[in-house]
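Student: mind folding the following:
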Amino acid sequence: MPYPILEFDDHDDVFIRPHCDVSHLPKVENLVITFFKEVVDELLENKAIEVYMNLKGENSYTFYKFIDEPTLVFHGGIGGPLCGGMMEEAIAMGVKRILFCGGGGILKPMPVGHCIVIHSAIRDEGTSYHYAKPSREIAVDPVVVKSIEAGLNRLGVPHVVGKTWTTDAFYRETKDRVKRRQNEGAILVEMEQASLIAIAQFRKVKYGAIVYAGDDLTSDVWDSRSWQSRQSVRSRLVLICKELVRDL
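Tutor: Residues are numbered from 1 along each chain as shown. Okay, here's the model as predicted:
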């Protein structure tokens with residue numbers, strides 16, 4: 001192989017394995033990964049969640065559990081390597097159904113806050129190539145996509161279903177690359193989905209993602225659209241994911 005990233009190895013003789021001893025804790029199989037830290041803080045302040053487990057290390061983080069049902073939630077790290085490693089730990093704890101919610105840059109005009117159900121991702125990152133054979137794209141389980149769609153329809157949440165472009169380098173989203181990804185059918189750009197989809201397939205767990213339309217890359221000038229301050233959208237999306245993840 002001319003490039004190391006293409007040397008896929010599916011053997012399981014690894015040196016380091018994710019491991020979390022949760023034998024002393026109640027079994028939980030559902031997980032919501034969110035990038036909305038302020039929503040997690042709000043849920044904690046309102047006593048809607050409680051600490052489930054603290055994982056200590058170079059990047060310490062906390063798993064929380066909803067008080068009213070067996071579903072975990074944590075604030076995900078940015079990028080496939082960090083967020084994927086956190087998801088690996090959750091799977092090692094016994095999680096079997098995962099729903100991601102975050103925001104991303106739109107490559108097709110749509111209102112800020114509009115929900116996008118991810119059905120596939122262009123693999124312009126590195127982590128996925130260690131979990132799945134090389135390919136240009138990777139697809140979410142269509143059964144999961146249909147389940148998310150059905151749930152959003154039931155709740156009356158407007159949404160579209162589409163392809164995302166996952167990249168490791170948000171400072172290298174050049175105009176030419178954006179145009180090429182648009183021509184491939186991508187309607188969104190973010191930094192995690194290809195990685196997380198590949199990890200879920202490798203570990204044989206259910207995974208889906210709802211990403212809301214954030215900053216705008218559809219014109220010659222980038223527009224942030226103040227997407228990170230859309231508190232009502234972000235809070236509602238976490239609670240929607242909490243409801244939908246159990247049906248994946």
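
Student: and the next element down the chain from the helix or strand of the chain with the lowest mean pLDDT?
Tutor: Within the chain, confidence by mean pLDDT, DSSP states H and E is lowest for strand 206-216 among all helices and strands, at a mean of 83. Moving toward the C-terminus from strand 206-216, the next helix or strand (DSSP states H and E) is helix 231-244.

Student: buried ones in that following helix, by neighbour count?
Tutor: In terms of neighbour count (16 or more other Cβ atoms under 10 Å), helix 231-244 has its buried residues at 233-234, 236-242, 244. Where you see a C-beta, it was placed from the backbone N, CA and C, and this is true even at glycine.

Student: name the nearest residue to the residue sitting nearest the centre point of the chain, ignoring sequence neighbours.
Tutor: Nearest to the geometric centre of the chain sits Phe100, at 3.9 Å (Cα atoms, centre = their mean). Among residues not flanking Phe100 along the chain, Ala209 sits closest, at 4.0 Å (Cβ to Cβ, 6 or more residues apart in numbering).

Student: which residues does that neighbour contact?
Tutor: Contact analysis of Ala209 by Cβ atoms under 8 Å, 6 or more residues apart in numbering lists 99-102, 117-118, 140, 193, 196-197.

Student: can you do 7 Å?
Tutor: The contact partners of Ala209, taken as Cβ atoms under 7 Å, 6 or more residues apart in numbering, are 100, 118, 193.

Student: reformat these as a markdown table; add distance to Lys47, pLDDT and secondary structure.
Tutor: Listed next are the contacts of Ala209 as a markdown table, based on distance: Cβ to Cβ, whole Å; pLDDT from 0 to 100; DSSP: H, G, I helix; E, B strand; the rest coil:
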| residue | distance to Lys47 | pLDDT | secondary structure |
| --- | --- | --- | --- |
| Phe100 | 25 | 97 | strand |
| Ile118 | 32 | 97 | strand |
| Gln193 | 32 | 98 | helix |
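
Student: Serialize the residues you listed to CSV and add fields for distance to Leu6.
Tutor: Shown next, in CSV, are the contacts of Ala209 (distance: Cβ to Cβ, whole Å):
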residue, distance to Leu6
Phe100, 26
Ile118, 24
Gln193, 20
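
Student: Asp68: which of the buried residues of helix 231-244 is nearest?
Tutor: Lowest distance from Asp68 to the buried residues of helix 231-244 (Cβ to Cβ) belongs to Lys242, with 9.3 Å.

Student: using PDB, write out every CA atom in the helix or strand hosting Arg177.
Tutor: According to DSSP H and E, Arg177 maps onto helix 175-183. Output of helix 175-183 as PDB, limited to C-alpha atoms (Å, rounded to 0.1, in the frame of the first residue of the first chain):
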ATOM      1  CA  LYS A 175     -13.600  26.800  -1.500                       C
ATOM      2  CA  ASP A 176     -12.500  24.200  -4.000                       C
ATOM      3  CA  ARG A 177     -12.900  21.300  -1.600                       C
ATOM      4  CA  VAL A 178     -16.300  22.600  -0.500                       C
ATOM      5  CA  LYS A 179     -17.400  22.700  -4.100                       C
ATOM      6  CA  ARG A 180     -16.200  19.200  -4.700                       C
ATOM      7  CA  ARG A 181     -18.100  17.900  -1.600                       C
ATOM      8  CA  GLN A 182     -21.200  19.700  -2.700                       C
ATOM      9  CA  ASN A 183     -20.900  18.000  -6.100                       C
END
